[in-house]
Structures are given as C-alpha cells and as structure tokens.
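In: with the sequence up front, the predicted model follows.
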Amino acid sequence: MACRITELVLECRDPDKLAGFWCPVLGYEVIGHEPDGLELGLPGVPFGQGPPTLILAKTDAPRRGKLPLHLDVSPAGGDQETELARLTALGARPADVGQDGTESWVVLQDPEGNEFCLLRKDVGV
C-alpha cells in the first residue's frame, strides 16, 4: 500500500486572480468552490485518477520568505522558449533565487510571487 499526491495547496491572497493564471498555464478549470478558496483540476477527470488538483486557499497572512516547495512545469507539445513567452503573456515574471545562468530551467513567479520552474523537456500533449 502507498499514498499518492492528489492535491497541492497554495496559499494566496486572491484565489480568483490566481486561478486566472494557473488554469491556462496547466489546462485546468475551476472544479470546486469553497468559502476559503478554489480547486483547480483537469475537466472530467475523477479525483485521484489524474494529476494532482491545485487548491488555491485564501489567506491574509503575510508570506514569510521563499516557499520551501515549488512547482515545476514542462512544455506539453512545444519548446521551452515558446512556453516561456506564453507564460510571460499570462502574467509570469522572472525570479532570481540564486541561479547562475547555466541551468536548463527558467525560474518564474506567478502573479502573487510564488516561484515555479519551467523545465526544458517537452512532455507531449
């Protein structure tokens, strides 16, 4: 017996605004509304049957430093450069977390400043 990751929770100030970013980034939709947040996931995929859902949990607590866990995303059916342009157009911005420029990934921030990495390898559609 083993566990699987079924949900990732990201605390944020404005779940609706962040959903407007993460839904097109991941190809997700809002699949659940809670008084304190939103659940994003692939449309029509039963819970636990696909990739983890993303919970955007509303909080007014100030963020304390760099997140100890971050998301990595990969292009699906394209290259890193094209995907970087798409993510930037959606509101991502470059982040400096101490990289030296030789990395194969690009470090970005979502509209609330949460770091994530865009990897190079195309994972297909």
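Out: Thanks, I have it. Residues are numbered from 1 along each chain as shown.
In: need the contact partners of the helix or strand hosting Leu18.
Out: In this structure, Leu18 sits in helix 15-26 according to DSSP states H and E. With contact meaning Cβ atoms under 8 Å, 6 or more residues apart in numbering, helix 15-26 is reached by 10, 12, 28-30, 37-38, 40, 54, 56-58, 73, 87, 90-92, 110-112. In short, each C-beta sits where N, CA and C put it, glycine included.
In: equivalent analysis for stretch 106-115, please.
Out: Here stretch 106-115 makes contact (Cβ under 8 Å, 6+ apart) with 10, 12-14, 17-18, 21-22, 63, 66-67, 70, 80, 84, 87, 91-97, 99, 116-118.
In: for Asp36, list the residues it contacts.
Out: Counting by Cβ under 8 Å, 6+ apart, the residues that Asp36 touches are 57-58.
In: at 10 Å instead, please
Out: 11, 15, 55-59 (Cβ atoms under 10 Å, 6 or more residues apart in numbering).
In: quick one: which of those residues sit in helices?
Out: Residues from these lying in helices, with DSSP state H as the criterion: Pro15.
In: dump the contacts of Asp36 to a markdown table, plus neighbour count and distance to Cys3.
Out: Listed next are the contacts of Asp36 as a markdown table, based on neighbours: other Cβ atoms under 10 Å; distance: Cβ to Cβ, whole Å:
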| residue | neighbour count | distance to Cys3 |
| --- | --- | --- |
| Glu11 | 18 | 22 |
| Pro15 | 25 | 26 |
| Ile55 | 20 | 17 |
| Leu56 | 25 | 22 |
| Ala57 | 14 | 20 |
| Lys58 | 16 | 26 |
| Thr59 | 13 | 25 |
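In: pull the most distant pair out of the contacts of Asp36.
Out: Pairwise distances among the contacts of Asp36 were taken by Cβ to Cβ; the largest, 11.7 Å, belongs to Ile55 and Thr59.
In: what sits in contact with each of those two?
Out: 10-12, 15, 36-37.
In: filter the contacts of helix 15-26 down to the buried ones, PyMOL style.
Out: With 16 or more other Cβ atoms under 10 Å as the criterion, this PyMOL line picks the buried residues out of these:
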select buried, resi 10+12+28+30+37+38+40+54+56+58+73+87+91+92+110+111+112
